[in-house]
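[1] Got a predicted model here, sequence first, then my questions.
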Amino acid sequence: MKINNKNPFNTFLEQQLLNLNFKRRKEILRINKLILLQFLTKLKIFLFIFIILICKVTKNEALQRVSEYQRFDGWFNNLANPQWGSVGSRLHRDAPSSYQDGVYRLDSSLPSARVISELMFKGEPGIPSRRNLTTMFAFFSQVIAYEIMQSTQNSCPLEMHKIPVERCDPIFDKDCEGKTDIPFTRAKYDKGTGHGLNSPREQINERTSWIDASFLYSTQEPWVAALRSFENGTLLEGPMPGYPPFNDPHIPLINPPPPQIHRLMNPERLFILGDPRINENPGLLSFGLILFRWHNIQALRLQQEFPEWTDEELFQGARRLVIATLQSIVLYEFLPVLLSISKEEIPEYQGYNPHVPPGISHSFATTAFRFPHTLVPPALLLRKRNGKCEFRKEVGGFPALRLCQNWWNAQDIVREYSVDEIVLGMASQIAEDEDHIVVEDLRDFIFGPMHFTRLDVVSTSIMRARDNGLPGYNQLRKAYKLKPKDWTTINPKLNETNPEVFLLEKIIFIKFFLKKINKLANLYDFKIDRLDAYVGGMLEADGNGPGELFSAIIKDQFLRLRESDRFWFENRQNGLFTDREIFFIRRITLRDIIRQTTSIGKEDIQENVFFWKNGDPCPQPFQVNISSLESCVPFMRFDHFTGNEVTYIFTCIALFTIPLVCIGIGYLLVQRRKKMGMLFEPGAIKKQNQESTEDEGIIAKDQKLVFPAIEWLNETFCRSILVELNSEYSQLKILKRRSGGILRKLDFGDVNVLRLTVTKSGSVRKGQGPFVCISLPKNYDIVLRLRSKHQWSKFRSSLGNCLLKHGKLLKEVEAENDVLLEAAETKDKRQSKLDHFFREAYSRAFNDPALSDSSQISNTNFNSMQQVMAMTLTKAEFAEALGMRTSDLFVQRMFACMAANSNEEIDGGNDTVVTFQEFLDVLRKFTQGSLREKLQLVFDMCDLEREGRVQRKQFCEFVKSLNIAAGVRIDQEVQDQVLECVLKRAGVDPERDILTYKDFEAIFSQMVDIRRPVGVHLRGVNMRINLEETQSLNSFAVTSEVKDPFDKNSISLLLSYLESYRQHIVILFLFFAANAIVFLERFWFYRYENEHRDLRRVMGVGEFLNLIFKIFTIKFKSRLVTT
């Protein structure tokens, strides 16, 4: 059996070693030779066996290295606290918070961040770094910042603040309007914080805190899957070799509008890598592409060494090596240069410590690690890769690539000039000096949103520290165990060169105050404790790295990241690397990675790419300054109207036209329906029609015929119903389509001849059935539209057989559609006639023409007053007018009394109807009759048998029924006691069961004002009619014979309305009261209590009014849906 004694990482690291310089390689070879000679002096046989065993163990360890994969989202690095360092975890609070209210509010008493930026951070660019730091160091620091933190994303909902700008600001207020404010949006935070003094607001980090190459791989599994090729463990390449694909999958990369173009660009133009901000500038993108190629190189080498490994094993192995080399470069190459210390001053690694929190501190994220802003130059030099130290002089017509003109255009720059030229230029170009000056490309012309295309990175940094509740300068120094400082000791060197900035003596302060010179001490009212930590920390810089405060913060952060990372490459306990592998990883430099991922030769780039020293290859031709560069496009605002005038005009015309078109279409449909009556079926009916049987939905079962139809109610309303014909009981029922509930029932038992009116054959449209009007005496007509002639034939034959079975006749008449619908006595038409019936009766009874409504007779098909006089009233209609049931005793007695003198010539002696004259006679007796006539009428209502006497029990029941008619509810026992008392006072013996007319006179003689007019309150009519004139609403009121000097019609009408709709009024009152309370509470909250956050500060009162309106609209719509 052949033993593979190759270790992938040993093989790779040995190959890496061959790429080192000759001196290192010679020294390592000499050490190896000495070791081998020592071993060879011993027993060679044992040496051979020992080597074989070592190879076996090493190979097994290599396979186990992918047994536990480091998660992309940072979870479970610390097994005791799995959320530490993960995506979305809180920033580490390294010093007590300092919000204005102790919870979340910004300190509004601090000076304007823009004023501070103009005062302290403005200066001439082009001052080279005193330590000869290269531009590569400045942009690599941005890579590290994006690798471990992203804590500036906007909160939701937006919390907008304004940074005041001084009048006549040279960038943001050139016209001296004094109305400009720089927008600032507060960062996303943990929603579980910011609710009390013991839990101030804590911002979150949307990247992992660990150095795990998330800048390359992302923090989400789907995102990583989009980056992978799933072949040999490599990352996917696009159409250009050595470059990732473009954003065709539409991964959510950050894609703000480039300020130099001022319009949104297609996101598909961007390269895909792990960080959404990767395409921000050419320097940042170049490092991303270098790491991209570095991963693929390692994956291919591992695949060659171990062809049996799966794609996942190869990918994870290459990823671990990329992470390890990145960790080594950050801690042992970058950090000493940043802090201006030697590598030996970095404390030795003492092993994994699970008790150390890895979170990115607020002070690191918002102040200390923003120090490299001072290193960024205004432009990038591009150096050709021809080995002749030749720089490009025609970059867009200028000698260097201006940053402010190329924000979010990095992909085009890289494709045009290549990664090699950008890296070579950054290796030769000297960065800006490490001071408090920031170039205008960052301080005045960094990218912003569409409505404010340029921002100030210094102002944003100051505001971000305030947003995170960072304490003042001296408080933060105390948190890191540093001595507090005053204005004279922040930076002694700066104070010597510019002493007036600090205004030490009061006389000098008064002098500069009178001259209105806004110096730093004046802005902070001479209170250094109020000085922003970012401002104080930047002022400490003296050209030799960050000051004392920032150095302490940065060193603490990186050491905590190293000690708390279970997957740190130097941790022997995780079994990821052997001591030999750790040794080789520590010797890999950024220069080695650049050389292997580009075509740059060793003679074209210096040993330490973060410095350029005398003797290094290719010095820069000049120190870049803005004098010979392209000018930055000034900031612009975005107006949605400008440039879209024509579109807005036509949009407004369309918005106004669409409602008119809809109204017109609706009007035409209504007119069409009026003429033809529901010419089309609703969608539900059509669907049911399609699913019906060949017999068109007709169901015959148990002597019942059921079929669908449409009932025509009036000119504007139809409804879908089911018609059920029961031949056994000779009944016709109108049922609800879905639930089957009974809408109406007709009984043919009392009818001798049933009259049907049907549409003429010639007027029936193709594909539609005829109209059928069923007329039944003493009932309003039913108008049906059947679906087809076949359905009509089936219904007619079934109805004829049903009537013939019970000895009835069917009379059929044909008519045109318009004539049939016009002549149909529907419920609405009948109700309209009854309304006029009662009004005319009251008008004649009280001799008051104002109560009459004769002007509307023509609208209700009355040809003359004779038709009014000839109208008949059924018991059911009379009960409905009173708002009572037909079975109520008062209705029965009153109706029987009116029908007692019925004329046989008019109604055939049938006591089920009364004429207009009969109703009028009874009404006149109540209102204008004598006392005897009134008493006689009441007596007749009780004496149904016309025997001249009334049963005592019947009299009591009749009086009780009067309470029901009046809408009064009294207990039965109370009513009996009152009646017995009344009878006793009238002299009626309690033992008598019979009452005479004289007893009635005795009883009612006790009543006060018996001679006053009496009327019948038709409550049911008031509730059901709906006429156009308001006079119809009070036409049932009974007027007194004595004219009241005060007009009480309106009050009576109001009281009647309140009585009829009291339940509706209470429900509506409760509903609107609840909404009003909620509205006022939300109004007060958004108007006064929450005015410092969200869009409230931007849109004013209109924002929360709009929000509340939307909330109520949603609630209203939800109620409509549920009802």
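    Cool, the structure landed.

[2] For the residue lying closest to K602 once chain neighbours are set aside, which three-state class applies?
    With C-beta to C-beta, 6 or more residues apart in numbering as the criterion, K602 has its nearest non-adjacent residue at 6.4 Å, and that residue is R595. All C-beta spots, glycine's among them, are computed from the backbone N, C-alpha and C. Following DSSP: H, G, I helix; E, B strand; the rest coil, the label given to R595 is helix.

[3] Can you show me the CA trace of stretch 876-894 as CSV?
    Extracted C-alpha coordinates of stretch 876-894, given in CSV (Å, rounded to 0.1, in the frame of the first residue of the first chain):
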residue,chain,number,x,y,z
ALA,A,876,-99.3,43.6,6.7
GLU,A,877,-98.8,47.0,5.1
PHE,A,878,-100.6,48.7,7.9
ALA,A,879,-98.5,46.9,10.5
GLU,A,880,-95.3,47.7,8.7
ALA,A,881,-96.2,51.4,8.6
LEU,A,882,-96.7,51.3,12.4
GLY,A,883,-93.4,49.4,12.8
MET,A,884,-95.2,46.5,14.5
ARG,A,885,-96.0,42.9,13.7
THR,A,886,-99.2,41.7,12.1
SER,A,887,-99.9,39.5,15.0
ASP,A,888,-99.9,42.4,17.5
LEU,A,889,-103.3,42.9,19.1
PHE,A,890,-103.5,46.6,18.5
VAL,A,891,-102.9,46.1,14.7
GLN,A,892,-105.6,43.4,14.6
ARG,A,893,-108.2,45.5,16.5
MET,A,894,-107.4,48.7,14.7
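
[4] Please point out which parts of that stretch sit buried.
    Residues of stretch 876-894 classed as buried by neighbour count (16 or more other C-beta atoms under 10 Å): 877-884, 889-894.

[5] Among those residues, which lie within helices?
    In helices, defined here by DSSP state H, the members of these are E877, F878, A879, E880, A881, L882, L889, F890, V891, Q892, R893, M894.

[6] Just give me the closest of these to F610.
    In terms of C-beta to C-beta, no member of these lies closer to F610 than E880, at 97.8 Å.

[7] Give me the distance between the closest one and L834.
    9 Å (C-beta to C-beta, to the nearest Å).

[8] and R464, what helix or strand is that in?
    helix 457-467 (DSSP states H and E).

[9] After that helix, which helix or strand is next? Please name it.
    helix 473-479.

[10] In terms of secondary structure, what does that following helix contact?
    helix 533-539, helix 548-564 (3 or more C-beta pairs under 8 Å, 6 or more residues apart in numbering; DSSP states H and E).

[11] Apply 7 Å and report the result again.
    Where contact means 3 or more C-beta pairs under 7 Å, 6 or more residues apart in numbering; DSSP states H and E, helix 473-479 is packed against helix 533-539.

[12] for the helix it packs on, what is the average pLDDT?
    For helix 533-539, mean pLDDT is 95.

[13] Give me the below-cutoff pLDDT ranges for the stretch 1001-1123 of the chain.
    For the stretch 1001-1123 of the chain, applying pLDDT under 70 flags the ranges 1005-1049, 1088-1123.

[14] Try it again at 80.
    1001-1050, 1052-1053, 1056, 1059-1060, 1082-1083, 1085-1123 (pLDDT under 80).

[15] Then the stretch 551-700 of the chain?
    Applying pLDDT under 80 to the stretch 551-700 of the chain flags residues 639-643, 670-700.

[16] Spell out the residue ranges of the strands in it.
    699-701 (DSSP state E, counting those that start in this stretch).

[17] Name the nearest residue to F137, sequence neighbours excluded.
    F610 (4.2 Å).

[18] what about the one you found, neighbour count?
    24 (other C-beta atoms under 10 Å).

[19] Offset the numbering so it begins at 530, please.
    Got it, first residue is 530 now, which makes that one F1139.

[20] I figured it hits L662, correct?
    Yes: between F1139 and L662 a contact is recorded at 6.4 Å, counting by C-beta atoms under 7 Å.

[21] Low-confidence bits of the stretch 1280-1429 of the chain, can you list those?
    Counting by pLDDT under 80, the ranges of the stretch 1280-1429 of the chain that qualify are 1280, 1290-1298, 1306-1309, 1316, 1356-1357, 1359-1429.

[22] ok, which stretches of it are strands?
    1282-1288, 1300-1304, 1311-1314, 1338-1344, 1401-1403.

[23] Now mean neighbour count and distance to E647 too, for the ones you listed, in TSV please.
    Formatted as TSV, the strands of the stretch 1280-1429 of the chain follow (neighbours: other C-beta atoms under 10 Å; distance: least, C-beta to C-beta, whole Å):
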stretch	mean neighbour count	distance to E647
strand 1282-1288	19	88
strand 1300-1304	22	85
strand 1311-1314	23	81
strand 1338-1344	14	91
strand 1401-1403	18	92
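
[24] JSON lines please, covering those strands and showing distance to A894.
    Shown next, in JSON lines, are the strands of the stretch 1280-1429 of the chain (distance: least, C-beta to C-beta, whole Å):
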{"stretch": "strand 1282-1288", "distance to A894": "83"}
{"stretch": "strand 1300-1304", "distance to A894": "79"}
{"stretch": "strand 1311-1314", "distance to A894": "75"}
{"stretch": "strand 1338-1344", "distance to A894": "87"}
{"stretch": "strand 1401-1403", "distance to A894": "87"}
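
[25] Report the two of the buried residues of stretch 1405-1423 separated the most.
    The most distant members of these, if one measures by C-beta to C-beta, are E1406 and L1418, lying 18.0 Å apart.
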